[in-house]
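Participant: quick check, what structure comes out for this input:
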Amino acid sequence: MNTNTFRDSLDTQETSFYLHDETSNTSIVLEQLFKQLENRGWVIQLDQETLNNFSAISENYFEGRKKDLQFKAQKYRKGFEIVFFQEVNTSHKQSGYYDCKKLTTMPYLIRCLFHVELNFIKTYVKQCGYSDESKDSKQTAYEKVMHLIKTCWHYGENKADKQPDHNATDKDGKRLRDGQLKYFRDNKGRLQKGTVYHNINNMWWVILNKYQYRNIAAREFFDLDSYENKKRKFVKRSGLHNPKSRIIPKESIRKEWIAIARKLTKEERVKRANTILAYLYKIDWLTRKFEFYVKPTSRLGLQEIESMDWNVHQVHDKPKVLNAYGDLPMSSSEGGWVKSLREYAVHGKPTISSWFCTDSNGYGEDSYKWVNLREKLWELGMLKN
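Facilitator: You can find the predicted model right below:
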């Protein structure tokens, strides 16, 4: 078996080249390859960002440029990797190097140059005795999905359509089957369709057309059997559509709210904190309804009144007492809210950051309510600048 191999990533619309070598020839091959590329017009040097920030390892990192085509390369003990990119048409705000599916965003002429240079590199390393293990980039989406299914370690030849129901039902509770035509929505709410095949757990491959496929959770699929499902585009409610999202109180007003909170007694601040905990539970940002209380020792206590954990509604006959200062038996997000409100109740300082003030950082279908929550936190002197 030949352990000296190379491959590209064209089958995934990426622009990487990988070489694997079990011997100690990696440095020699890469050095000779760079000389060949320099003869073809490439300007190659050490990666300047790595050199400035991590000089101790900079000898293994390189960058190159030829016209509008660039690359970054990294040398390993048993091989190297070259990643091509461009900065003319990018989707990532920082650099085209971080784009996903770089080949799809490359302008035509740069893409042609990339293919020419990649073919040269592959031809050169073949002459050096390396074998090509690149996947066929012209495979259809169906062929690629079938290959992924049959080569997956958990997937037996007879496993098809034997998925447990909790991993194989669409958003309306209908059983999914391999080969079904199902509908879903993209990240902009637009109606899409494709043929589904089970992948792993609750994830399913979706063949969109001859060459494109995606991996989507079962709960995102549906049929065109209702008015809502038939909508060509479904726009989720957004906090940015609320005029309040553009209102920022003056600094003097916010300082006044904070000063009022500082002058309140602990008992009064506890009532304010409990108001927010109740609101978070109401809009489903907390799965359990908590309440603070002041103990006879004047320390702060915490209790659970009601729960929707695991979508099971439960009202406790007697409040469940929790340790407000210990390890909280809840998710880190819920624990963050409880800890921040606890510090506010004790010290009267604004303790809640505004990280949740976007649609993406809310919870579920009610994430758009961050605008009203922000307003409440400001007025109660809880929100930090």
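Participant: pLDDT weak spots in the stretch 251-385 of the chain?
Facilitator: Filtered on pLDDT under 70, the stretch 251-385 of the chain yields no residues whatsoever.
Participant: repeat that with 90
Facilitator: 284, 308-313, 326-334, 358-367, 384-385 (pLDDT under 90).
Participant: now swap in the stretch 1-150 of the chain and tell me
Facilitator: Using pLDDT under 90, the stretch 1-150 of the chain drops low at 1-4, 11-13, 22-26, 77, 91-94, 100-101, 104, 134-141, 143-150.
Participant: quick one, helices of it?
Facilitator: 26-39, 48-53, 102-105, 108-127, 141-151 (DSSP state H, counting those that start in this stretch).
Participant: winner for burial among these?
Facilitator: helix 102-105 (a mean of 18; mean count of other Cβ atoms under 10 Å). C-beta coordinates here come from the backbone N, C-alpha and C atoms, glycine included.
Participant: any idea how far it is from the middle of the chain?
Facilitator: 20 Å (Cα atoms, centre = their mean, to the nearest Å).
Participant: give the bridge partners for residue 302, please.
Facilitator: Legend: beta-bridge partners of residue 302 under DSSP bridges are residue 292, residue 322.
Participant: for residue 64, same thing?
Facilitator: residue 44, residue 71.
Participant: roughly how far does it sit from residue 29?
Facilitator: 16 Å (Cβ to Cβ, to the nearest Å).
Participant: just to revisit the earlier point, quick one, which of the helices of the stretch 1-150 of the chain gets closest to residue 360.
Facilitator: Of all the helices of the stretch 1-150 of the chain, the one in closest proximity to residue 360, counting by Cβ to Cβ, is helix 102-105 (22.8 Å).
Participant: next, the contact list for residue 80, please.
Facilitator: 18-19, 26, 29-30, 73-74 (Cβ atoms under 8 Å, 6 or more residues apart in numbering).
Participant: remind me which helix or strand the nearest residue to residue 260 once chain neighbours are set aside belongs to.
Facilitator: Distances taken as Cβ to Cβ, 6 or more residues apart in numbering place residue 381 nearest to residue 260, at 6.2 Å, with adjacent residues excluded. Residue 381 belongs to no helix or strand when assigned by DSSP states H and E.
Participant: just checking, residue 381 touches residue 263?
Facilitator: No - using Cβ atoms under 8 Å, residue 381 is not in contact with residue 263; the gap is 9.9 Å.
Participant: got the contact list for stretch 52-66?
Facilitator: 34, 37, 40-48, 50-51, 70-76, 113, 117.
Participant: circling back to that earlier point, OK, contacts around the residue nearest to residue 260?
Facilitator: Counted by Cβ under 8 Å, 6+ apart, residue 381 has contacts 257-262, 348, 350.
Participant: any chance of these in CSV, plus secondary structure and distance to residue 338?
Facilitator: Formatted as CSV, the contacts of residue 381 follow (DSSP: H, G, I helix; E, B strand; the rest coil; distance: Cβ to Cβ, whole Å):
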residue, secondary structure, distance to residue 338
257, helix, 22
258, helix, 21
259, helix, 25
260, helix, 23
261, helix, 18
262, helix, 21
348, coil, 17
350, coil, 16
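Participant: mark which of those residues are buried, thanks.
Facilitator: Among the contacts of residue 381, those classed as buried by 16 or more other Cβ atoms under 10 Å are 257-258, 261, 348, 350.
Participant: and the two most separated of the residues you listed?
Facilitator: 257 and 348 (11.5 Å).
Participant: so residue 144 sits against residue 213, correct?
Facilitator: Yes - if you go by Cβ under 8 Å, residue 144 and residue 213 touch, sitting 6.5 Å apart.
Participant: ok, back up a step: kindly reformat the helices of the stretch 1-150 of the chain as a markdown table containing distance to residue 357.
Facilitator: Putting the helices of the stretch 1-150 of the chain into a markdown table (distance: least, Cβ to Cβ, whole Å) gives the following:
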| stretch | distance to residue 357 |
| --- | --- |
| helix 26-39 | 48 |
| helix 48-53 | 32 |
| helix 102-105 | 30 |
| helix 108-127 | 39 |
| helix 141-151 | 39 |
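Participant: nearest to residue 335, out of those?
Facilitator: Among the helices of the stretch 1-150 of the chain, if distance is taken as Cβ to Cβ, the winner is helix 48-53, at 34.4 Å.
Participant: put the alpha carbons of the closest one into PDB.
Facilitator: C-alpha atoms of helix 48-53 as PDB (Å, rounded to 0.1, in the frame of the first residue of the first chain):
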ATOM      1  CA  GLN A  48       3.700  37.500   7.800                       C
ATOM      2  CA  GLU A  49       0.900  37.200  10.400                       C
ATOM      3  CA  THR A  50       2.400  34.100  11.900                       C
ATOM      4  CA  LEU A  51       5.900  35.600  11.800                       C
ATOM      5  CA  ASN A  52       4.800  38.700  13.700                       C
ATOM      6  CA  ASN A  53       2.600  36.900  16.300                       C
END
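Participant: before we move on, back to that, which one of the contacts of residue 381 sits closest to residue 136?
Facilitator: Among those, and counting by Cβ to Cβ, the member closest to residue 136 is residue 350, at 58.4 Å.
Participant: how close does residue 144 sit to residue 203?
Facilitator: Taking Cβ to Cβ, one finds residue 144 at 16 Å from residue 203.
Participant: try residue 373
Facilitator: Separation of residue 373 from residue 203 (Cβ to Cβ) stands at 32 Å.
Participant: so those two - more neighbours on which side?
Facilitator: Per other Cβ atoms under 10 Å, whichever of residue 373 and residue 203 has more neighbours is residue 373, with 21 against 12.
Participant: quick check: the more buried one vs residue 247, distance?
Facilitator: Applying Cβ to Cβ to residue 373 and residue 247 gives a distance of 14 Å.
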